[in-house]
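>>> Pasted the sequence and its predicted model underneath.
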Amino acid sequence: MIGGKDHIVSGLIARRAELAGVIDQLQHQLDQHRADLSHIDGVLRILASDLDPETIRPKRTYRRSRYFGRNELSRLCLSAFRIAAGEPLNSDDIAGQVITTKGFNAGDAILRAAIRNQVGSIVKRLHRDSKIEKIGAGRGLDGD
């Protein structure tokens, strides 16, 4: 029986070595980025002595969704609102329309939940930018 585990152990050793290599590479990149940031902070302190570089907020990196192109989900959400013609929609309604429009599997509950979460973020941004209006007493409204 021990001989049957050899291929499993060797596979795990290979996978561990691979992950350790990835971690080492990422650690090296992180060290380099920290050094670069330190140099930029130094130059900022010299050129703009009244500026504290620590007060500069980090910029969030953009994560592209594998399901949608750039701004595609925003356009699909706005399209759902246009089709609704003033009728109230919730995130699940919009997610259902998006799934149908894109031709995704409508029965995939995990995909629907993921798209519903993305739609919720889009709807919040659209409301913040005064492109849509919240009505009703649904979850996520101000004051709830």
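Yes, it's here.

>>> any idea where the strands of the chain begin and end?
Secondary structure of the chain by DSSP state E: no strands are present.

>>> pLDDT below threshold where in the protein?
For the chain, the stretches flagged by pLDDT under 70 are 1-3, 136-144.

>>> need the longest helix for it.
With secondary structure taken from DSSP state H, the chain has its longest helix at helix 6-47.

>>> Can you give me the neighbour number for the nearest residue to Arg70 once chain neighbours are set aside?
Of all residues not flanking Arg70 in the chain, Arg64 sits nearest, at 7.5 Å (Cβ to Cβ, 6 or more residues apart in numbering). Using the backbone N, CA and C atoms, a C-beta is placed for each residue, glycine as well. Using other Cβ atoms under 10 Å, the number of residues around Arg64 comes to 8.

>>> quick one: Arg64 from Arg75, how far?
From Arg64 across to Arg75, the span is 15 Å (Cβ to Cβ, to the nearest Å).

>>> Equivalent analysis for Ser91, please.
On the measure of Cβ to Cβ, Ser91 and Arg75 end up 16 Å apart.

>>> Between these two, tell me which one has more neighbours.
Comparing Ser91 with Arg75 by other Cβ under 10 Å, the one with more neighbours is Ser91, at 21 against 13.

>>> so what's that one up against?
The neighbours of Ser91, taking Cβ atoms under 8 Å, 6 or more residues apart in numbering as the test, are Arg116, Val119, Gly120, Val123.

>>> Okay, it and Ile99: tell me how far apart.
From Ser91 to Ile99 the distance is 12 Å (Cβ to Cβ).

>>> what's the answer for Ala35, then?
Distance from Ala35 to Ile99, by Cβ to Cβ: 46 Å.
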